[in-house]
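A.B. asks: Sequence and predicted structure are below.
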Amino acid sequence: MRRAFAIFLSSIFILAAFSSPATALTTRAGNIIIIDDTVEDDLYLAGDNIIISGNIMGNVVATGGRVEVRGNITRDLTVMSSEVIITGSVGDDIRVITGSLDMEGEVRDDLILASGESFLSSGSTIGGDLSFTSGQMQMLGSVDGDMMGSGGEITIGGHIGGNADIEAGELGILPAAAIGGNLRYMAPERITIPEGTVNGEVDFVETGNRDEDSGSIGLFSVIWWIFKYIVLTILALVVLAIWPGKMDKLARETTVSPGKKFLIGLGLILGAWIISVLLLITLVGIPIGVLLLLLIVAVMYFARAIMGLWIGKYVFAKVGWDQKPWAQLVLGVFILLLLSELPIIGWLVYLVATLIPLGNYYYELKNTL
């Protein structure tokens, strides 16, 4: 559930950030960005350190090393950053992918979150639902709607107006917690719930013992993983045989400006996806739309092959073994697929492994043309 839920959250994040229409648009980029005035546009920001202390009369999309919101945003906030701090107010939804979230402010609708660590203080308020996947989650604030998600360590010590549906490696419910609806939780063992904290019913499902078919599901997952590895490795070896020099060059340049290449890769995928959808809703454009979708899939596999080759080169260089490119590729793809299965962060590994090589390939084409 954790990996699927994380992929679901990231899909919502990506699509929502670029699907809402904007009547006006302001973009700013730099190492340090401070917004302390009133902006009557949608605002797109990219920088190492971003501080929003003014009033934004529209949506905000921000990506950077650290993003802090102290002011007021009237519509949606969408963030991808290593650290996010929210002490201000957001008038609609918040969507966050981050290593660390510290929230003391207010969001008047939903909070959709994928993070390593999350702390929602007693002063934080969520007017809608809280949907999350997080390594560590402390929810001490107020959620008017439902709370649903998964994590390694989850602590609930605040108010939930609706239901709570939680999957956790370790779950704790504090005496100060109040759940207005039902509580359904999946954990390794049943926990002690303070009396009076859950107004509705409590449903416990023991992790690893969900149904009688768990063994067969696990076997199917292993077979499916092996199938993915074989397919990706064969495709990567074919590409390596056709363009050995190009593959080697792209792999070696993977570590050059990875952040910028990640954003470019994200823009390319989103742009191609939006164009293909627009084509598919017109009868004339359906064949072109289908071809474009197939091209997107092919390019994504090509990107992962490049990342696999880079990983293989890196590992063999570290141990001091001089191996041929095909051996580097076979090992690298194996490691990449293993990393992509990690709980909580596996989906992010796969995302990075796809988007950075795409941005890398964009620069290669730009320099060639």
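C.D. replies: Now that the structure is in, tell me what you want to look at. None of the values given here were measured: they were computed from a predicted structure.

A.B. asks: Hmm, Ser100 is touching Ser82, no?
C.D. replies: Yes: here Ser100 reaches Ser82: they are 7.3 Å apart, a contact under CB atoms under 8 Å. Using the backbone N, CA and C atoms, a C-beta is placed for each residue, glycine as well.

A.B. asks: Give the residue from the two that has the larger number of neighbours.
C.D. replies: Using other CB atoms under 10 Å as the criterion, Ser100 and Ser82 rank with Ser100 on top: 18 against 14.

A.B. asks: What's the separation between the more buried one and Val69?
C.D. replies: 14 Å (CB to CB, to the nearest Å).

A.B. asks: likewise Trp273?
C.D. replies: 28 Å.

A.B. asks: Looking at these two, which one has more neighbours?
C.D. replies: Each of Trp273 and Val69 has its neighbours counted (other CB under 10 Å); Val69 has more, 26 against 17.

A.B. asks: Let me know the pLDDT of the more buried one.
C.D. replies: If you check Val69, the pLDDT there is 96.

A.B. asks: Check Ile269 too.
C.D. replies: 83.

A.B. asks: Just the CA atoms of the helix or strand hosting it, as PDB, please.
C.D. replies: Assessed by DSSP states H and E, Ile269 sits inside helix 258-280. C-alpha atoms of helix 258-280 as PDB (Å, rounded to 0.1, in the frame of the first residue of the first chain):
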ATOM      1  CA  PRO A 258      21.300  17.300 -11.800                       C
ATOM      2  CA  GLY A 259      18.800  19.700 -10.300                       C
ATOM      3  CA  LYS A 260      18.300  21.800 -13.400                       C
ATOM      4  CA  LYS A 261      18.100  18.600 -15.500                       C
ATOM      5  CA  PHE A 262      15.500  17.200 -13.200                       C
ATOM      6  CA  LEU A 263      13.200  20.200 -13.700                       C
ATOM      7  CA  ILE A 264      13.700  20.200 -17.400                       C
ATOM      8  CA  GLY A 265      12.900  16.500 -17.500                       C
ATOM      9  CA  LEU A 266       9.800  17.100 -15.500                       C
ATOM     10  CA  GLY A 267       8.700  19.900 -17.900                       C
ATOM     11  CA  LEU A 268       9.300  17.700 -20.900                       C
ATOM     12  CA  ILE A 269       7.200  14.800 -19.500                       C
ATOM     13  CA  LEU A 270       4.400  17.100 -18.400                       C
ATOM     14  CA  GLY A 271       4.400  19.000 -21.700                       C
ATOM     15  CA  ALA A 272       4.300  15.800 -23.800                       C
ATOM     16  CA  TRP A 273       1.500  14.300 -21.500                       C
ATOM     17  CA  ILE A 274      -0.700  17.400 -21.800                       C
ATOM     18  CA  ILE A 275      -0.300  17.600 -25.500                       C
ATOM     19  CA  SER A 276      -1.100  13.900 -25.900                       C
ATOM     20  CA  VAL A 277      -4.300  14.300 -23.800                       C
ATOM     21  CA  LEU A 278      -5.400  17.300 -25.800                       C
ATOM     22  CA  LEU A 279      -4.900  15.300 -29.000                       C
ATOM     23  CA  LEU A 280      -6.800  12.300 -27.600                       C
END
